[in-house]
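# Pasting the sequence and the predicted coordinates here, then a few questions.
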Amino acid sequence: MRLSSALTILSAFPLVLCASEYQVVFDASSTWNEVQDSVVNESSQLLWDGKQTIQKWIKDGKEFVKQKGLVYELITHPSFTDYQLRTTEPKLCDPSVKQLSGYLDIADDKHLFFWFFEARHNPKEAPLILWLNGGPGCSSSTGLLFELGPCSVADQGKNVTFNPYSWNTHANIIFLDQPVNVGFSYAEDGTSVNNSPAAGKDVYALLELFFDRFPQYSKLPFHLAAESYGGTYAPNIAKVIYDENKQLSLSPNPRIRKINLASVILANGLTDPYVQMGAIADYVCDGPYPVYDTDGPECQSLRTKTPTCQRLIKSCYQFNSRFTCLPANLYCNVQLMGPLMQTGLNPYDVRRKCDRSKEGDGPLCYKQMQWIETWLNNANVKAEIGVDPVMEFEACNMEVNRAFTGQGDGMHNSALLLPDLINDGVRLLVYAGNADMMCNYMGNERWVELLETQFHAEFAASKSIPWITRSTAKLAGEVRTAGGGGFTAGNVTFVNVHEAGHMVPYDQPQAALDLITRWIMDIPLTN
């Protein structure tokens, strides 16, 4: 098989991604841009930044900038001269809470889009969550508008509706589109990032600028949460934050804040491919929703090919280069995942069929993905959140997906980045829906059990305990945990979520809210 053909096959199935209703309506006549336009005075300056004419001014000690007809507050930091934040204050999605949206500008050529929502309850003390979707190449707007955000896309993308199970019920939350060219993030020259380690430094800078301007959030517990390919992103980002915190303790800088990294949360993630690829045959042949007969030829073929896949991944782990990781990526995905994609089942929820036509479920098996694109491509919506109306939003960027795939990035062992953090008090939650075929729960549970931390022996000896949600008193899944002595949510915790696919908050919204609330409040999941 030619390389270009194999990459096309793989990118067709990115790892996406994870009270009464009312329709949110906004009045374009009262947008942030028009309010801020009213404060422009004689002190404003017209400047040429080499690409466009921009207008800058200072009001009440804050700096503002107007470019391409949009007004932002401009946030800079003396220790991060290559970075700046441009923020606006939308009133969409959940107008009852404070919001910020805009861009992290990196060295004038890369621009990462983010959207922040305060907690609905007690935002001054609620923890802060940073949420990332995966893909690679898929926007975190999927998490925002389809899974766990304050509103859900509806009516074929014409409106959004209130989400009573949003994770901002008890948490402040940032949704971030990264790397560049994902969602509303962009690069001036179109250049894409093609590896996970490159993301960590940029996310760290985003947090430092955000905390410097909004110090009320800097003292809160910080939780890094990521879904799907985010299982590769998040450990890399967490490691950068952890290392920068260590360096800061050795060389204090009054303008740089320690980030209170409390936990890493991985949702149906791809983190240890050697273990997880090794679990594919077990899941589809002997799992709760078997795809094949366990004694049939399909299962025999998968089990025969698994050792070769793992041998190639082991070589990637040892030599960590494109020349060893790309062959592993191609072989394992084409030979193990490829046949499963031809079954007509939804790989993100094996209980369902998938009609990939545009008129049916769409290429990603969920018609809501197309609705998200419709809503976010509304010019008024884009202007409200600080996005140039000429930009076109795509839920998943296949070019970015192919760039990561072509580097073999998804075959790296990101789990190796976690033990030092865990041993130093950063907690780990891994959860997975038991109907997900993409990143199945068996593989996720196995890599957590093998993780070499001070909690390894305790976790390996632990048994699955029923998880019953507090709001419904119903069995929602099973929990294994180590650390905390039963008085906390644990230091290393794995949750098997029943009757849920790849996007757990979509399939089980009440249970997902129960899970995240108890986790960030460090309340046992088994009581």
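Ah, there it is. Numbering: from 1, shown residues only.
# can you tell me which residues contact the closest residue to Arg352 other than its chain neighbours?
Closest residue in space to Arg352, ignoring its immediate chain neighbours: Asn346 at 4.4 Å, by CB to CB, 6 or more residues apart in numbering. Quick note: C-beta positions are derived from backbone N, CA and C, even for glycine. By CB atoms under 8 Å, 6 or more residues apart in numbering, the contact list for Asn346 reads Arg352, Lys353, Cys354, Asp361, Cys365, Gly501.
# Which one (most neighbours) among the residues you listed?
Highest neighbour count within the contacts of Asn346: Gly501, with 28 neighbours (other CB atoms under 10 Å).
# related to what we said a few turns ago, residues in a beta bridge with the residue nearest to Arg352, which ones?
Asp349 (DSSP bridges).
# I'd like the distance between it and Val497.
Distance from Asn346 to Val497, counting by CB to CB, to the nearest Å: 17 Å.
# any chance of the contacts of Asn346 in a markdown table, plus pLDDT, secondary structure and distance to Gly408?
What follows is these, written out as a markdown table (pLDDT from 0 to 100; DSSP: H, G, I helix; E, B strand; the rest coil; distance: CB to CB, whole Å):
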| residue | pLDDT | secondary structure | distance to Gly408 |
| --- | --- | --- | --- |
| Arg352 | 97 | strand | 31 |
| Lys353 | 97 | strand | 31 |
| Cys354 | 96 | coil | 27 |
| Asp361 | 95 | coil | 30 |
| Cys365 | 95 | coil | 25 |
| Gly501 | 98 | coil | 26 |
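# Make TSV from the residues you listed and add distance to Phe404 to it.
Formatted as TSV, the contacts of Asn346 follow (distance: CB to CB, whole Å):
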residue	distance to Phe404
Arg352	27
Lys353	28
Cys354	23
Asp361	24
Cys365	20
Gly501	23
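# which one of those is nearest Ile422?
Closest to Ile422 out of the contacts of Asn346 is Gly501 (27.5 Å), distances taken as CB to CB.
# And for that closest one, nearest residue in space, chain neighbours not counted?
Nearest to Gly501 is Asp349, by CB to CB, 6+ apart, at 3.1 Å.
# show me what contacts the one you found?
Here Asp349 is in contact with Cys365, Gly433, Ala435, Asp436, Gly501, His502, Asp507 (criterion: CB under 8 Å, 6+ apart).
# gap between it and Cys365?
Asp349 is 8 Å from Cys365, by CB to CB.
# Then Pro90?
30 Å.
# Can you show me the helices along the stretch 151-300 of the chain?
197-213, 230-250, 273-277, 280-286, 297-319 (DSSP state H, counting those that start in this stretch).
# And the last one, how far out from the chain middle?
A distance of 28 Å separates the C-alpha centroid of helix 297-319 from that of its chain, computed with CA atoms, centre = their mean, to the nearest Å.
# Please point out which parts of the helix or strand following it sit buried.
Downstream of helix 297-319, the next assigned helix or strand under DSSP states H and E is helix 322-332. Using 16 or more other CB atoms under 10 Å as the test for burial, helix 322-332 gives Arg322, Thr324, Cys325, Leu326, Pro327, Ala328, Asn329, Leu330, Tyr331, Cys332.
# pretty sure the fourth one contacts Gly406?
Yes - the criterion here is CB atoms under 8 Å, and Leu326 meets it with Gly406 at 6.7 Å.
# which residues of the protein score low on pLDDT?
For the chain, applying pLDDT under 70 flags the ranges 1-43, 47-51, 190-192, 194-196.
# quick one on the thing from earlier: may I see the helices of the stretch 151-300 of the chain organised as JSON lines, with mean neighbour count added?
What follows is those, written out as JSON lines (neighbours: other CB atoms under 10 Å):
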{"stretch": "helix 197-213", "mean neighbour count": "21"}
{"stretch": "helix 230-250", "mean neighbour count": "21"}
{"stretch": "helix 273-277", "mean neighbour count": "25"}
{"stretch": "helix 280-286", "mean neighbour count": "21"}
{"stretch": "helix 297-319", "mean neighbour count": "17"}
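# among these, which is nearest Leu429?
So among these, helix 230-250 is nearest, using CB to CB, at 11.1 Å.
# tell me the helices in the stretch 1-150 of the chain, going along the chain?
3-11, 32-37, 141-142.
# mind listing the strands for the stretch 301-450 of the chain?
Applying DSSP state E, counting those that start in this stretch to the stretch 301-450 of the chain gives strands spanning 345-346, 349-353, 427-433.
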